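In: I'll drop the sequence and a predicted model, then ask my questions.
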Amino acid sequence: MSAYTTRQLTAETWDDFAELVEANNGVWGGCWCMGSHPEGLGEGREAHRVAKLAHTTRGTVHQVLVYDGDACVGWCQYGTPAELPNIKNRAAYDREATTAPDWRIGCIFTGSKHRGRGVARAAVAGALEAIRAVGGGIVEAYPEQTVERTPQRGAYLHTGPEELYADFGFVRDRKIAKWRWVMRAEF
Ligand SMILES: CC(C)(COP(=O)(O)OP(=O)(O)OC[C@H]1O[C@@H](n2cnc3c(N)ncnc32)[C@H](O)[C@@H]1OP(=O)(O)O)[C@@H](O)C(=O)NCCC(=O)NCCS
């Protein structure tokens, strides 16, 4: 049983989220988990922080934070395709797209000091529980294949490892990059 707890990212939990981001150098040098949002990246670290805070206070973000005691140690961001239009390998994704999912997992992240201890698993479980609570639907994730490949440090698994999603029932839909798959499941 996981000892972690989860909460949504809201104005109330913003400081906990911000502390984790700052402790990890802004995440990828300052993305502040803005890559999947409509604005995307490019305006710089402080602009990303301000934009993420604006989404949080407006309530235009769905993001489950994982807590170890009082400390936020990771997250799973999810949302509708309209909320999260930017995904990696977009052109390849669009080439064979059929029906749009109801939800997608945008970003998954565990603080560098907390990896390998089930934080991402708790984050995905929390996100799927939240999706189920509002009626469920088809959920997509875009993880990386790790088998038949040299071992990857977690830091390089930007969209998470395939096994994590497979454990929740996601199955491969199609390949969109050498090591990245669209995976789908219905909840
Ligand atoms: C990938 C990442 C989210 C995994 O988080 P984590 O909390 O360490 O993962 P967990 O401990 O919950 O692992 C769950 C499962 O994922 C798989 N997994 C995790 N790390 C893995 C690795 N490095 N290689 C292969 N599989 C891995 C395993 O199947 C694991 O289950 P197990 O421990 O029972 O074997 C984390 O390493 C990370 O944050 N990396 C950076 C991601 C990033 O850059 N995000 C921002 C995107 S811009």
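Out: Yep, it's here.
In: in stretch 58-68, what's buried?
Out: 61-68 (16 or more other C-beta atoms under 10 Å). C-betas here are computed from N, CA, C, even on glycine.
In: Out of those residues, which sit inside strands?
Out: In strands, judged by DSSP state E, the following of the buried residues of stretch 58-68 are found: 62-68.
In: still on that earlier bit, now, which of the buried residues of stretch 58-68 lie close to the ligand?
Out: Applying C-beta under 6 Å from any ligand atom, the subset of the buried residues of stretch 58-68 adjacent to the ligand is empty.
In: Between those residues, which sits nearest residue 157?
Out: residue 66 (16.7 Å; C-beta to C-beta).
In: can I assume the closest one is in contact with residue 121?
Out: No - at 9.2 Å, residue 66 does not count as touching residue 121 under the criterion of C-beta atoms under 8 Å.
In: Poorly predicted segments of the chain, please.
Out: Low-confidence segments of the chain (pLDDT under 70): 1.
In: rerun that using 90 as the cut-off
Out: Applying pLDDT under 90 to the chain flags residues 1-2.
In: Which residue lies nearest the spatial centre of it?
Out: residue 107 (2.2 Å; C-alpha atoms, centre = their mean).
In: That one should be in a helix, yeah?
Out: No - read with DSSP: H, G, I helix; E, B strand; the rest coil, residue 107 is strand and lies in no helix.
In: list the contacts for it?
Out: 33, 35-36, 75-77, 159 (C-beta atoms under 8 Å, 6 or more residues apart in numbering).
In: okay, the residues you listed in TSV with secondary structure next?
Out: Shown next, in TSV, are the contacts of residue 107 (three-state DSSP):
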residue	secondary structure
33	coil
35	coil
36	coil
75	strand
76	strand
77	strand
159	coil
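In: If any of those are buried, give me the PyMOL selection for them.
Out: Here is the PyMOL command that selects the buried residues among the contacts of residue 107 (16+ other C-beta under 10 Å):
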select buried, resi 33+35+36+75+76+77+159
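In: Where does the protein get nearest to the ligand, residue-wise?
Out: Nearest to the ligand in the chain, going by C-beta to the nearest ligand atom, is residue 154, at a distance of 2.2 Å.
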